[in-house]
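S.K.: Could you look at this predicted model? Sequence included:
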Amino acid sequence: MKKLGFIFKETQGSLIRNNIKESGIFLVVKYSGLSSPDLTILRQTLKKARANMFVVKNTVARRALKEAGFEGIIKSIEGPCGLIFVQDEPVSASKVLYNFAKDHEPLKLEGGVINSRIIDRKEIETLAMLPSKEVLRAQVVMGD
């Protein structure tokens, strides 16, 4: 019979792998030193950008990422980390994280994966500077 802790870790690993398959986009942040109310605000703001923050033990995250074939991002999983799974395009979630990190120094952007491509902090910041999908569409329609 399996122990409850093992079943819990197994379930969390499965959730991570499923989220990776469903979204294809996830970002890694470090939140050490961020207060609980600030973390709640970040989660709520990410939810509006169609993204969810998932916090799990590092060993579980590393194992799930390795099983999903993302060994290159495992080095970012150290200390208190969160995985941000993006349901839509990554620009909105990147903007939320970038702006939140500017106002809350303890939040650190580490990297992520977009459609099987590993990205770093600078690429997340570049994404954050892009206009949203709606703005780009409007620019195309207006001929700008």
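M.R.: In hand now; what should we look at? Numbering: from 1, shown residues only.
S.K.: how far away is the residue lying closest to Gly24 once chain neighbours are set aside from Leu27?
M.R.: Closest residue to Gly24 apart from its sequence neighbours, by CB to CB, 6 or more residues apart in numbering: Asn115 at 5.2 Å. In this view, the C-beta of every residue, glycine as well, is placed from N, C-alpha and C. Per CB to CB, to the nearest Å, Asn115 is found 13 Å from Leu27.
S.K.: Comparing the two, which shows the higher neighbour count?
M.R.: Each of Asn115 and Leu27 has its neighbours counted (other CB atoms under 10 Å); Leu27 has more, 28 against 8.
S.K.: Surely Ser53 and Leu83 touch.
M.R.: To be clear, residue 53 is Met; Ser isn't right here. Yes. Taking CB atoms under 8 Å as the definition, Met53 is a contact partner of Leu83 at 7.3 Å.
S.K.: So between these two, which is more surrounded?
M.R.: Neighbour count, other CB under 10 Å: between Met53 and Leu83, Leu83 has more, with 25 against 20.
S.K.: OK, contacts around that one?
M.R.: For Leu83, the contacting residues are 16, 19, 26-28, 53-56, 61, by CB atoms under 8 Å, 6 or more residues apart in numbering.
S.K.: Okay, and it sits in which element?
M.R.: strand 81-86 (DSSP states H and E).
S.K.: Name the residues of that strand that are buried.
M.R.: Using 16 or more other CB atoms under 10 Å as the test for burial, strand 81-86 gives 81-86.
S.K.: quick one: least confident helix or strand in this protein?
M.R.: helix 133-142 (a mean of 79; mean pLDDT, DSSP states H and E).
S.K.: Can you pull out the residues in contact with it?
M.R.: 89, 91, 130-131.
S.K.: 6 Å instead?
M.R.: Applying CB atoms under 6 Å, 6 or more residues apart in numbering, the external contacts of helix 133-142 come out as Glu89.
S.K.: Just the C-alphas of it, formatted as PDB.
M.R.: Taking Å, rounded to 0.1, in the frame of the first residue of the first chain, the C-alpha atoms of helix 133-142 are listed here in PDB:
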ATOM      1  CA  LYS A 133      -2.800  40.400 -29.300                       C
ATOM      2  CA  GLU A 134      -5.800  42.800 -29.400                       C
ATOM      3  CA  VAL A 135      -3.600  45.800 -29.900                       C
ATOM      4  CA  LEU A 136      -1.700  44.000 -32.700                       C
ATOM      5  CA  ARG A 137      -4.900  43.100 -34.400                       C
ATOM      6  CA  ALA A 138      -6.100  46.700 -34.100                       C
ATOM      7  CA  GLN A 139      -2.900  48.000 -35.600                       C
ATOM      8  CA  VAL A 140      -3.300  45.600 -38.600                       C
ATOM      9  CA  VAL A 141      -6.800  46.700 -39.200                       C
ATOM     10  CA  MET A 142      -5.900  50.400 -38.900                       C
END
